[in-house]
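A.B. asks: have a look; sequence and predicted model below, questions after that.
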Amino acid sequence: MRMITGYLAPDAGEIRINDILISEENQAIKALIGYLPENNPLYLDMYVKEYLRYVARIYKIDQPWKRISEVIGMTGLSTESHKLIRSLSKGYRQRVGLAQAILHDPEVLILDEATSGLDPNQLIEIRQLIRDLGKEKTILLSTHIMQEVQALCDRVVIINKGIIVGDGNIHMLSQNLSNAYRVEVTFSRPVVDITLREINGYIRHEDAGSNRYIITGEESTLNEAIFDFAISKNLKILEMATIRESVENIFQQLTTRAS
Amino acid sequence: MRAVYLRELASYFSSMIAYITVGLLLAVLGLVLWVFPDFSLLQTPFAGIDALFEIAPLIFIFLIPAFTMRTFAEEKQAGTLEVLLTRPITAWNIVTGKYLATLSWLAIALLPTVIYVFSIYQLGSPPGNIDLGQIAASYFGLFMLGAVFCALGVFASAQTSNQIVAFVMAVFFCFVLYYGFYFISRIASFSGSLDAIIESLGIDYHYHSISRGVIETRDLMYFICLIGLCLTWTWVTITKRN
């Protein structure tokens, strides 16, 4: 993260943003990036508007006050915009952090743990804001909260000790992993375990009690095969659901497998 | 550079920092020059304010480090320096912006002491019997001395994220540069050989040379080089990370 923003120099490899090598056009690249660092450092003794005016001056923004009031509106800071940053709650400080990151309308937004330490209401609002911004901009979001990944991200890269262990959208990642497909079925009456093997594409199953079975098999045919099986055995299917791998699961499997 | 400069200046004057430091400087100078008998201008037989230029460097050795200790240390501590360095502004512009803000403060701190000059001017017999040229040169010398102390303070502040450490380092640097070289040059074994050279390395020597009323190029160059060196080191420090 810090290397992408130009704070640290990479010790190996190279970084390109919009196909421009970072070291080549440092200042130009920096103007393309909006950055909200991990613990969101702010000048506590400045006023919200004063701080944004200062940031606007660095980026040489035209008509700064117009843009500042626009951004204050976008981040929902209007009621707090006359306050000292020191007196703001964590959620509002986070909004100030976002406001300074998007002030110069960057093409790429880098958010490091943008939602840590927020209460559930603030969390929803900030996520909504990030989602709205993501419609027009490239957002690079780092987080440890897996629900957030599920809620916000189109593409997920999982890095374990500096090595990329997973890259793709969540759906793809989960399929790559559990190369097999699981379905939870509830039949109207108990089934003799062995007969389940008659299901086309069957790999294994677990008995989850009270007529529920978790069946692992070939994705393409399993649902149909279970249905056919039920008909042939004269069973009624009361409930049938595909089990989706949770992101936590994917994350755990990917990171432990690599190490 | 302008953005950083304006922010720094605003932060001095929107907090107590500027008022306390300037107030303290004027209070101490006022007491020493007018009230305490040892240096009192009213006791001296001549109309002059040499005492001001003797006392001020001593106060500056402590006051300027106290003022400059936060410039980088505070931003390092809070992590705001990291954000600042990821913005499209060069490290050199950050350093000069902050440094020029400290110089502005220095000028503002020195400005009110002109009243003392005016008082002495009026007290002279007849009024106006005072060497204004020499006083102007002394002011210039004092400003240059303060400018070097500011550069040292900014440099010390960039070395650490702890403001106390920055303060102590800066006081030490100022002291060594102001008095240290003079004391070293007095060591007996240097006498007659190196003493003049060592003494000329110190600020003291050049400051008094200007205070006589002659602004020489070599004194000027000495101050400018020292400031340039400090700021370059500061720039190097904040540019190279880990």
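C.D. replies: Yes, it's here.
A.B. asks: what number of residues are in the vicinity of residue B:83?
C.D. replies: Neighbourhood size, residue B:83 [other Cβ atoms under 10 Å in any protein chain shown]: 23. Where you see a C-beta, it was placed from the backbone N, CA and C, and this is true even at glycine.
A.B. asks: ok, now which ones touch the residue nearest to residue A:113 when sequence neighbours are not counted?
C.D. replies: If the residues on either side of it in the chain are set aside, residue A:113 comes closest to residue A:38, at 4.9 Å by Cβ to Cβ, 6 or more residues apart in numbering or on different chains. Applying Cβ atoms under 8 Å, 6 or more residues apart in numbering or on different chains to residue A:38 gives the contacts A:112, A:113, A:116.
A.B. asks: closest one of these to chain B?
C.D. replies: residue A:112 (10.8 Å; Cβ to the nearest Cβ).
A.B. asks: from residue A:13, how far off is the closest residue to chain B within the stretch 151-259 of chain A?
C.D. replies: Minimum separation of the stretch 151-259 of chain A from chain B (Cβ to the nearest Cβ) falls at residue A:162, amounting to 15.8 Å. Remark: distance between residue A:162 and residue A:13 (Cβ to Cβ, to the nearest Å) = 11 Å.
A.B. asks: picking that back up, and the pLDDT at the residue of the stretch 151-259 of chain A closest to chain B?
C.D. replies: Looking at residue A:162, its pLDDT reads 78.
A.B. asks: swap in the one 3 residues further on?
C.D. replies: Taken from the predicted model, the pLDDT recorded for residue A:165 is 76.
A.B. asks: hey, where'd the helices end up in the stretch 151-259 of chain A?
C.D. replies: For the stretch 151-259 of chain A, applying DSSP state H, counting those that start in this stretch gives helices covering A:170-177, A:222-232, A:247-258.
A.B. asks: SS state for the residue nearest the centre of chain B?
C.D. replies: Chain B has residue B:146 as the residue nearest its centroid, 1.6 Å off, counting by Cα atoms, centre = their mean. Under DSSP: H, G, I helix; E, B strand; the rest coil, residue B:146 falls in the helix class.
A.B. asks: and chain B, which residues reach chain A?
C.D. replies: Residues of chain B lying near chain A by Cβ under 8 Å from any Cβ of the partner chain: B:2-4, B:6-7, B:10-11, B:14-15, B:78-80, B:82-83, B:85-90, B:241-242.
A.B. asks: give me that answer again for 6 Å
C.D. replies: Among all residues of chain B, those adjacent to chain A (criterion: Cβ under 6 Å from any Cβ of the partner chain) are B:3, B:7, B:78-80, B:82-83, B:85-89, B:241.
A.B. asks: would you mind giving those as CSV with pLDDT and secondary structure added?
C.D. replies: CSV is the format used below for the residues of chain B next to chain A (pLDDT from 0 to 100; DSSP: H, G, I helix; E, B strand; the rest coil):
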residue, pLDDT, secondary structure
B:3, 91, helix
B:7, 93, helix
B:78, 91, helix
B:79, 89, coil
B:80, 92, helix
B:82, 86, helix
B:83, 88, helix
B:85, 88, helix
B:86, 87, coil
B:87, 89, coil
B:88, 89, coil
B:89, 89, coil
B:241, 65, coil
